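Peer 1: Generate coordinates for the sequence data below:
(one chain, ligands or ions: 1)
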Amino acid sequence: MKTAQDPALDREISRKLDARERLTDDDATYLYNGAALEDLQRWASQARARFHDETRATYLIMRIINYTNVCVAKCDYCSFYRLPKSSEGYVLPREQIFAKIDEILELGGDFVGFNGGHNPRLRLPWYEETFAAIRARYGDTIEFYAMTVAEMMYVSKLCRVSYAEACARLKAAGVRWITGGGAEILTNEFRQRHSPLKYTADDYMIAQRAILDAGLKSTATMVIGFDETVAERVEHLRRVRRLQDETDGGLFSFLSWTYKPYGNELGGQELGPEDYLRHLAVSRLYLDNVRHIRASVLTQNQNALRGLRFGADDFDIPLEDEVTQMAGATINRDIEAVLEQARAEGFAPVYRPIALAPRPAEAARAKARQPAPVRLPLA
Ligand code: SF4
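Peer 2: Residues are numbered from 1 along each chain as shown. Sure, this is the predicted structure:
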């Protein structure tokens, strides 16, 4: 619900930012509903500058590998899944997974994220063997998000092991990251409305805590633009900020993307570009303990790069993600064109390597580009 701009609240938020005081839930609600867009841009840029060079933005070249579309969760916002007996269901053979990794290496990327359905035929040993095989074949030249928190939760329950045991076994298989995907909106009410078979928000937070406690790395994500209320968005942000406090900064980054309403049961309208920028700014301002706020080129295209002026400091250049593509996302494989959009917004794009070992493709890319990219540590 939009409200009028309030000069007294504007002054109070400005004062808090100057004093580095934490914003409240009420502040966040006002930022979503009433604050002027130009104020959000200014404040978010001020908060971004606490962590990052104001003239640079980091990026990754990556792809999502959707290893299976078979799923029993039946989320009403999903355009991707097929039920177990569907003739359109698939599980990617290992050779096809390797081929997708080979291609991203050839294109100069060093990172893939695995994301699939809750497939009752894929038990924990399938994941352990797959990830161990990837680590054996590629060593440290590729890094991967092994699965999302939601997938880890499903497989743990399917195999009747604790989250801690599943994480320990995956870690032993060579996994380093389990990403915060599958979060959408983290309130118990949202989960009940749209994906009652998946998990509760409370359980999700327990699982993500177990991932960090196991010594694995993780990230936080959020999807906006369904039918969630502003209060639900703020609750999601509050859960992330609290976990980040409790784990002393265990979450590497926070990435938000927007719901695509095509080809699914829920339907609806796409969120406008300004709403996304507003949300990015609120995320940067409210999540004062998260260093990296990432923008979604996958769902926002050029608008994502505008987001660099609304608090975002990092973005992916994704070359594939079937889940969002089936719901209406478009992929731009012209890497240089995406980088040019970042430059047009006033930021020098700097590749952020995630793999530990440099590869010939990365060296070639560095040589070809002027100025040469700076290698940043994986902080
Ligand atoms: S969003 Fe994920 S868990 Fe939900 S139905 Fe789709 S594939 Fe399954």
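Peer 1: The residue of the stretch 101-250 of the chain found nearest the ligand: which element?
Peer 2: Closest contact between the stretch 101-250 of the chain and the ligand, by C-beta to the nearest ligand atom, is at Gly117 (3.9 Å). Backbone N, C-alpha and C define where each C-beta goes, glycine included. Element membership for Gly117 (DSSP states H and E) is empty, with no helix or strand holding it.
Peer 1: And the residue nearest the centre of this protein?
Peer 2: With distances taken as C-alpha atoms, centre = their mean, the residue of the chain nearest its centroid is Leu255 (3.8 Å).
Peer 1: Looks to me like it is in a strand.
Peer 2: Yes. According to DSSP: H, G, I helix; E, B strand; the rest coil, Leu255 belongs to a strand.
Peer 1: need the residues of this structure near the ligand, please.
Peer 2: Proximity of the chain to the ligand (C-beta under 6 Å from any ligand atom) is limited to residues Cys71, Ala73, Lys74, Cys75, Cys78, Phe80, Tyr81, Gly117, His118, Ser195, Lys198.
Peer 1: what secondary structure does the last one sit in?
Peer 2: Put simply, Lys198 is coil when judged by three-state DSSP.
Peer 1: if I pick the residue nearest to it when sequence neighbours are not counted, what's in contact with it?
Peer 2: Closest residue to Lys198 apart from its sequence neighbours, by C-beta to C-beta, 6 or more residues apart in numbering: Ala73 at 4.7 Å. Applying C-beta atoms under 8 Å, 6 or more residues apart in numbering, we find Ala73 in contact with Tyr81, Gly117, His118, Tyr154, Ser195, Leu197, Lys198.
Peer 1: quick one: which of those is most hemmed in?
Peer 2: When neighbours are taken as other C-beta atoms under 10 Å, the top entry among the contacts of Ala73 is Gly117 (28 neighbours).
Peer 1: so what's that residue up against?
Peer 2: Gly117 makes contact with Thr68, Asn69, Val70, Cys71, Val72, Ala73, Phe80, Tyr81, Arg82, according to C-beta under 8 Å, 6+ apart.
Peer 1: The closest residue to it other than its chain neighbours: neighbour count?
Peer 2: Excluding the flanking residues, the one nearest Gly117 by C-beta to C-beta, 6+ apart is Cys71, at 2.7 Å. When counting by other C-beta under 10 Å, one arrives at 23 neighbours for Cys71.
Peer 1: shouldn't Cys71 be in contact with Glu88?
Peer 2: No. At 11.9 Å, Cys71 does not count as touching Glu88 under the criterion of C-beta atoms under 8 Å.
Peer 1: Find residues that contact each of the two.
Peer 2: Arg82.
Peer 1: mind listing the helices for the stretch 251-379 of the chain?
Peer 2: Assigned by DSSP state H, counting those that start in this stretch, the stretch 251-379 of the chain shows helices spanning 273-286, 297-300, 302-306, 322-326, 335-344, 360-368.
Peer 1: need those helices in a markdown table with mean neighbour count and mean pLDDT, can you?
Peer 2: Output for the helices of the stretch 251-379 of the chain, formatted as a markdown table (neighbours: other C-beta atoms under 10 Å; pLDDT from 0 to 100):
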| stretch | mean neighbour count | mean pLDDT |
| --- | --- | --- |
| helix 273-286 | 24 | 97 |
| helix 297-300 | 25 | 88 |
| helix 302-306 | 21 | 92 |
| helix 322-326 | 19 | 77 |
| helix 335-344 | 16 | 93 |
| helix 360-368 | 14 | 55 |
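Peer 1: Between those helices, which one is closest to Cys159.
Peer 2: Between Cys159 and the helices of the stretch 251-379 of the chain, the tightest spacing by C-beta to C-beta is seen for helix 322-326, at 23.6 Å.
Peer 1: And the biggest helix by length in the chain, what's buried?
Peer 2: When the chain is parsed with DSSP state H, its longest helix is helix 230-246. For helix 230-246, the neighbour count (16 or more other C-beta atoms under 10 Å) marks 230, 232-241, 243-244 as buried.
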